[in-house]
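*Asks:* Give me a 3D structure for the following:
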Amino acid sequence: MGYHHQFATRQQAQLAVFEYIEGFYNRKRRHSKLGYLTPCQYENLLYNQAVAA
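*Replies:* Model prediction:
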């Protein structure tokens, strides 16, 4: 999907936005509130700390 993509339906556009947010933004983007880790890295850190405790 390119930057200037035209969608046939509103549903297709909503799905593309959802996939971007869930697939990239929330999983791969580093967050300052998480110590500049990705959410996946932070979850792994918390899980490993819980297992070690």
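
*Asks:* buried ones in the helix or strand in which Asn48 is found?
*Replies:* Asn48 belongs to helix 39-52 when assigned by DSSP states H and E. Neighbour counts over helix 39-52 (16 or more other Cβ atoms under 10 Å) mark Gln41, Tyr42 as buried. C-beta here means a position set from N, CA and C on the backbone, and glycine is covered the same way.

*Asks:* Contacts made by that helix with the rest, please.
*Replies:* Defining contact as Cβ atoms under 8 Å, 6 or more residues apart in numbering, one finds that helix 39-52 is touched by Asn26, Arg27, Lys28, His31, Leu34, Gly35, Leu37.

*Asks:* where's His4 relative to Ile21, distance?
*Replies:* 19 Å (Cβ to Cβ, to the nearest Å).

*Asks:* Which one's more surrounded, these two?
*Replies:* Ile21 (12 against 5; other Cβ atoms under 10 Å).
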